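Trainee: sequence and predicted structure below; questions after.
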Amino acid sequence: MAKTTFREAARTAMREAMRADPRVFLMGEDVGRYGGAFAVSLGLLDEFGPERIRDTPLSESTFVGAGIGAAIGGMRPIVEVMTINFSLLALDQIVNTAATLRHMSGGQLSVPIVIRMASGGGRGLAAQHSHSFEGWYAHVPGLKVATPATVADAKGLLLAALDDPDPVVVCENATLYPLQGEDTDDAPMRLGVAAVRRAGKNVSLITYGGSLPKALKAAEDLAAQGIDAEVLDLRSLRPLDVDAIVATVAKTHRAVIVDEMWRTGSFAAEVTAQIMERAFDELDAPVARVCSVEVPMPYAKHLEDAALPSPGRIVAAAKALF
């Protein structure tokens, strides 16, 4: 199979969807002439024209609301919000409108919108552009949240989101855009199915998104020290594959949750609670969490590196369970 990148895989998904369905269109900040803030939509304007690749003003509440209206009207919009912190300006549209309209209309209205946004730190963009808020959206009934971490998932989960009749928030960790991997034509994916990325028997490293490469590196380092770590990629936070979480804990009897959100109120806390409710008797040690340090994300690289989860912190947390 040919090699491609995470950003190219996401672009391929959008291209395939737009070729297959004339209702699909892309709108957002700099998605057209500029080719996307992270070059994900590069070339799509030339292929599909300004009717289907629409640059918007820097007014998130306005253009996310317009996307919701288009979805209600029968279109299949992909709305790109440049970075996840900017989505806070559209929270009312996403949480109070998109997530609730099916319920509040008694099932008469569907909002098949996909909202893509780049998340995470590690790029030297300081406190206002380094957030991981995907757990906030996973808190909201009526929304689904996809967190692709591989090249295959960048394409497959986005296509799954576009097939969904309800709003899906796709959080793409921006450090992954250059990631290279195999271009796969596997069977269609669906949301809510986790994947074991590395089999192991001594401890489970449970993670998603931009922390997956760090967990895999930590697993290699642990193996060199005689600890066989299993790595579970959640892939989507809502729906959450709790059965897969229980299965890996039942296999290894120890768990480290790696989550780039801040520790207090993190998604790692939800995963921990699910383990305590469903797999408490399987545990041989307390569940450990590796999250971002609770400070606004520093700009200086050495401080940013210290604030984020790292392979070294994951290894230390896992070894402490033995």
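Mentor: Done, it's in. From a predicted model like this one, the values you see are computed outputs, not experimental measurements. Numbers count the residues shown, from 1 in each chain.

Trainee: outside of the helix or strand of the chain with the lowest mean pLDDT, which residues touch it?
Mentor: Lowest on mean pLDDT, DSSP states H and E among the helices and strands of the chain sits strand 180-182, with a mean of 89. Outside strand 180-182, the residues that touch it by C-beta atoms under 8 Å, 6 or more residues apart in numbering are 1-6, 9, 150-152. In this view, the C-beta of every residue, glycine as well, is placed from N, C-alpha and C.

Trainee: give me the pLDDT for Asp186.
Mentor: Note for Asp186: predicted pLDDT of 67.

Trainee: where exactly do the helices run in the chain?
Mentor: 6-20, 44-48, 60-72, 91, 101-104, 134-138, 151-163, 212-223, 242-252, 267-279, 301-307, 311-319 (DSSP state H).

Trainee: could I get the ones you listed as CSV with mean pLDDT, mean neighbour count and distance to Arg190?
Mentor: Conversion of the helices of the chain to CSV gives the following (pLDDT from 0 to 100; neighbours: other C-beta atoms under 10 Å; distance: least, C-beta to C-beta, whole Å):
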stretch, mean pLDDT, mean neighbour count, distance to Arg190
helix 6-20, 97, 21, 14
helix 44-48, 97, 16, 25
helix 60-72, 98, 20, 20
helix 91, 97, 16, 27
helix 101-104, 97, 15, 19
helix 134-138, 97, 24, 17
helix 151-163, 97, 24, 5
helix 212-223, 98, 21, 19
helix 242-252, 98, 19, 13
helix 267-279, 98, 19, 20
helix 301-307, 97, 14, 34
helix 311-319, 98, 20, 29
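
Trainee: could you export those helices as CSV, including distance to Gln180?
Mentor: Output for the helices of the chain, formatted as CSV (distance: least, C-beta to C-beta, whole Å):
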stretch, distance to Gln180
helix 6-20, 8
helix 44-48, 21
helix 60-72, 31
helix 91, 34
helix 101-104, 39
helix 134-138, 23
helix 151-163, 7
helix 212-223, 12
helix 242-252, 26
helix 267-279, 27
helix 301-307, 22
helix 311-319, 19
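
Trainee: which one of those lies nearest to Gly35?
Mentor: helix 44-48 (7.6 Å; C-beta to C-beta).

Trainee: centre of the chain to that closest one, how far?
Mentor: 26 Å (C-alpha atoms, centre = their mean, to the nearest Å).

Trainee: for stretch 220-230, same thing?
Mentor: From the chain centre to the centre of stretch 220-230 is a distance of 26 Å (C-alpha atoms, centre = their mean).

Trainee: hmm, back to that, what comes up buried for the least confident helix or strand of the chain?
Mentor: By neighbour count on 16 or more other C-beta atoms under 10 Å, the buried set for strand 180-182 is Gly181.

Trainee: what lines up beside it in the sheet?
Mentor: strand 3-5 (antiparallel) (DSSP bridges).

Trainee: mind giving me the domain ranges of the protein?
Mentor: Under the assignment automatic domain parsing, the domains of the chain span 3-182, 195-319.

Trainee: columns distance to Pro188 on top of those, output as JSON lines?
Mentor: Listed next are those as JSON lines, based on distance: least, C-beta to C-beta, whole Å:
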{"stretch": "domain 3-182", "distance to Pro188": "7"}
{"stretch": "domain 195-319", "distance to Pro188": "14"}
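
Trainee: closest to Thr83 out of the helices of the chain?
Mentor: When those are ranked by proximity to Thr83 (C-beta to C-beta), helix 60-72 comes first, at 10.4 Å.

Trainee: okay, now the residue lying closest to Arg7 once chain neighbours are set aside: neighbour count?
Mentor: Excluding its sequence neighbours, the residue lying closest to Arg7 (C-beta to C-beta, 6 or more residues apart in numbering) is Tyr177, at 4.3 Å. Other residues near Tyr177 come to 20 when the count uses other C-beta atoms under 10 Å.

Trainee: chain neighbours aside, what residue packs nearest to Val293?
Mentor: Ala307 is the one closest to Val293 (C-beta to C-beta, 6+ apart), at 4.3 Å.
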